[in-house]
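Peer 1: Just a sequence and a predicted model for now, questions to come.
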Amino acid sequence: MDTADLLPLAVAVPLLGAAVVAVAGRWLPRPGRDALATACAAADVGCLALLWARTDPDGRAVSWLGGWRPRGGHGVGIVLVADRLGSGLALLAAVLVLAVLCYAWRYFDEPSGEHGGMFPGLLLLFQAGMCGFALTGDLFDAFVFFELMGAVAYALTGYRIEDPRPLQGALAFGLVNSAAAYLSLLGIGLLYARTGELGMAQIGAALDERAAAGHGRDALVVVAFVLVLAGPLVKAATAPFHFWLPDAHAVAPSPVCMLLSGVMVELGVYGVARIHRVVFAGAGGLPDAAVRDTLLAAGVLTALVGAVMCWQQRHLKRMLAFSTVGHVGLFLVGTALLTPAGLAGSAVYVAGHAGAKAALFGLTGVLLDRYGSVDEHGLHGRARELRLPGALFALGALALAGLPPFGTGLGKAVAEEAAGRELGWLPAVFVLVSALTGGAVLRAGLRVFGGVGSPPKEHPEVAATTGEGEEPEIRGPGRRLPAPMIAVPAALLAGCLAVGLAPGVGRALAAAAAAFTDRTGYLADTLGGTAPAATPAPDTDWTASGILLGLLSAALAAAFATAAVRRDPRRGTGALHRATVLPLRRLHSGLLGDYVAWLAVGLAALLVALVAQL
């Protein structure tokens, strides 16, 4: 089989698997449905692993579906393009879906009969959307796959329809993301009207041709850039588009949260990078300096907002969700540098973060299984008997803080070193955000699994969303804890550790990042032509400064957590907290109208920032 033939197969396997599971689930017993879905997910992992291995580290595999190849640089066919970064992200998504399916083998009491197999079928459909988005080279099909992924995510978020809270969270998730999707579609329409093309490479080449013919950059290109990025930026939960994410995570089933935070929001950052690099990074697009400065500002804002809000939470799922917002900001900072080193750091960071964050959500599901609660204060000391989950939870918190030799620590080290070359103060943002998010999770672990400190008291002025009164996601709270609910988080944390310890992983992702930034090579491989010499891969090995900064952020996380659990619960808050943190918390109102208003404000600010630098 040719390498290009694996591209449509990587999307078709989970898509067909979802249909088979949905039909066969009506008659198969629960173990049969789970085995069938797991086999389909495992088959796609094998397909994508083979695609990764066969793809040239410096090149791309290209598949024109139906043989509709372009002529003279123009075409109407649908193209799938796999470089090492895109196929690696699709492989990460497939591995996480496989892990979630194994985790959920005995997690839900799934219905039988007509609705049997709904949950694993939706997971496979979600996988198809994610893989298709990572592999497509067509802007309109990127929109289609993104919407397929989003529609399934809304259904998975509101899966427990007997409780109104998941339905409300899914509604906010769906409406905000759908509004952004409509704006993206409008931007795609503007580009099609200007160029007559929908393929990313074709649009980029057409804009370059207009620039070569003397047609300068105009307002349509700038507006189209902002509109097209609306969908990926909202899906990535970039501030101020992030409000939907903690609300959705708070009510979504724990296995679903493993995917939303582990890979879905990262696909939004990937979409921003791919669309800018291929479509808008040429002579007919936007200046790199304007895009870099604007996205850097958005990344830093997102990282700081996520970190501050993460520290304020007592609802464990919301805490982990805001931690995701903070780390997405760091991913965006590395990507916004527009250098192979920055992108390589973000790629390694994403790979490590996926394992750590999915493991932490899985362990939170253990608490919900045992106690019907995810409230840090209400669970104080109640989980002392869960020693192995407690140890894994602490390791996950330290991984989030960037402790070497976890993959999160390596990715943080590479990204912050690249960022420091651009702006000397950016490494401090990496250290602070990692310390606050890791410290918040470690604080919760010390209280819940260790019973450390006095039971905390919430002051009226800082009243937060609790995790008490949650509807258990299982129907046998007295049962023995299923082995997959511990084995899967342990395996995911081991994967996070392997990313940092295996030098081949970092070097492969560095070469993938170098090829990703090679726009001329992408256009040549997709449309035909001579590709230039390969871009040298950046260094992704551990450095003394990276290890020291990782140890510093982990030490700060431990210090923050220790100080928090030893704090006198009778003490109130300081003036600085009331002046800065409380207004930020009030912005997260939970009102859908506010979220849509922030979508408009954020896009307007993005447009103004870009225009001001042109």
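Peer 2: Thanks, I have it.
Peer 1: what's near enough to touch V300?
Peer 2: Contact analysis of V300 by CB atoms under 8 Å, 6 or more residues apart in numbering lists G329, V333, L426, V429. For the C-beta atoms, the positions are set from N, CA and C on the backbone; glycine is no exception.
Peer 1: since we're on I486, how many residues are nearby?
Peer 2: I486 has 18 neighbours, counted by other CB atoms under 10 Å.
Peer 1: do you know how far it is from L388?
Peer 2: 6 Å (CB to CB, to the nearest Å).
Peer 1: where do the contact lists of those two overlap?
Peer 2: With CB under 8 Å, 6+ apart, I486 and L388 have no common neighbours.
Peer 1: For T195, which residues are in contact?
Peer 2: Q202, I203, A206, L207, R210.
Peer 1: Now render the residues you listed as a markdown table, adding distance to G86.
Peer 2: Formatted as a markdown table, these follow (distance: CB to CB, whole Å):
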| residue | distance to G86 |
| --- | --- |
| Q202 | 18 |
| I203 | 18 |
| A206 | 22 |
| L207 | 22 |
| R210 | 27 |
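Peer 1: Using the three-state scheme, assign the closest residue to H215 other than its chain neighbours.
Peer 2: When the adjacent residues along the chain are set aside, H215 lies closest to G284, with 8.0 Å between them (CB to CB, 6 or more residues apart in numbering). The three-state label given to G284 by DSSP: H, G, I helix; E, B strand; the rest coil is coil.
Peer 1: how close does G284 get to P240?
Peer 2: According to CB to CB, G284 stands 30 Å off from P240.
Peer 1: burial of the spatially closest residue to G411 that is not a sequence neighbour, as a residue count?
Peer 2: Closest residue to G411 apart from its sequence neighbours, by CB to CB, 6+ apart: Y349 at 2.7 Å. Y349 sits with 29 neighbouring residues when counted by other CB under 10 Å.
Peer 1: and what of G66?
Peer 2: So G66, with other CB under 10 Å, has 9 neighbours.
Peer 1: and what of V223?
Peer 2: When counting by other CB under 10 Å, one arrives at 17 neighbours for V223.
Peer 1: what's the distance between it and N177?
Peer 2: Plainly put, V223 is 21 Å away from N177 if you go by CB to CB.
Peer 1: okay, and for the stretch 401-550 of the chain, where does confidence drop off?
Peer 2: Counting by pLDDT under 70, the stretch 401-550 of the chain shows low-confidence ranges at 457-479, 531, 533.
Peer 1: quick revisit: what is whichever strand or helix holds the residue nearest to G411 packed up against?
Peer 2: In the assignment (DSSP states H and E), Y349 maps to helix 340-371. Secondary structure elements in contact with helix 340-371, counted by 3 or more CB pairs under 8 Å, 6 or more residues apart in numbering; DSSP states H and E, are helix 84-103, helix 254-259, helix 265-275, helix 316-336, helix 387-400, helix 407-422, helix 484-501, helix 503-516.
Peer 1: can you pull the pLDDT of S184?
Peer 2: We have a pLDDT of 96 for S184.
Peer 1: Who are the contact partners of it?
Peer 2: S184 makes contact with F143, F146, L227, V228, L229, A230, G231, P232 under the criterion CB under 8 Å, 6+ apart.
Peer 1: top of the contacts of T195 by neighbour count?
Peer 2: In terms of neighbours by other CB under 10 Å, these top out with I203 at 28 neighbours.
Peer 1: The closest residue to A289 other than its chain neighbours: how many residues sit nearby?
Peer 2: Of all residues not flanking A289 in the chain, Q613 sits nearest, at 6.8 Å (CB to CB, 6+ apart). The number of residues packed near Q613 is 14, by other CB under 10 Å.
Peer 1: so what's the backbone phi/psi at Q613?
Peer 2: Reported as degrees, to the nearest 10, the phi and psi values for Q613 are phi -100, psi 0.
Peer 1: Quick check: L80 is in a helix.
Peer 2: No. Going by three-state DSSP, the assignment for L80 is strand, not a helix.
Peer 1: How many residues are close by the closest residue to it other than its chain neighbours?
Peer 2: If the residues on either side of it in the chain are set aside, L80 comes closest to L7, at 4.1 Å by CB to CB, 6+ apart. The tally of other residues near L7 (other CB under 10 Å) stands at 31.
Peer 1: tell me how far the helix or strand hosting L7 is from the chain's mean position?
Peer 2: Take DSSP H and E as the rule and L7 turns out to sit in helix 6-24. Relative to its parent chain, helix 6-24 has a centroid offset of 23 Å by CA atoms, centre = their mean, to the nearest Å.
Peer 1: can you list contacts of that helix?
Peer 2: Residues from elsewhere that reach helix 6-24 (CB under 8 Å, 6+ apart): 32-33, 36-37, 40-41, 43-44, 47-48, 50-51, 54, 61, 63, 65, 80-82, 87, 90, 94, 97, 117-118, 120-122, 124-125, 127-128, 131-132, 135.
Peer 1: Buried members of those into PyMOL, please.
Peer 2: Selection command for PyMOL covering only the buried members of the contacts of helix 6-24, criterion 16 or more other CB atoms under 10 Å:
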select buried, resi 33+36+37+40+41+43+44+47+48+50+51+61+63+80+81+82+87+90+94+97+117+118+120+121+122+124+125+127+128+131+132+135
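Peer 1: Helices - which of the contacts of helix 6-24 land there?
Peer 2: Members of those lying in helices (criterion: DSSP state H): 32-33, 36-37, 40-41, 43-44, 47-48, 50-51, 54, 87, 90, 94, 97, 118, 120-122, 124-125, 127-128, 131-132, 135.
Peer 1: OK, contacts around the residue nearest to G411?
Peer 2: H327, L330, F331, G334, G407, T408, G411, K412, V414, A415.
Peer 1: What residues does F140 make contact with?
Peer 2: Counting by CB under 8 Å, 6+ apart, F140 makes contact with I188, Y192, L198.
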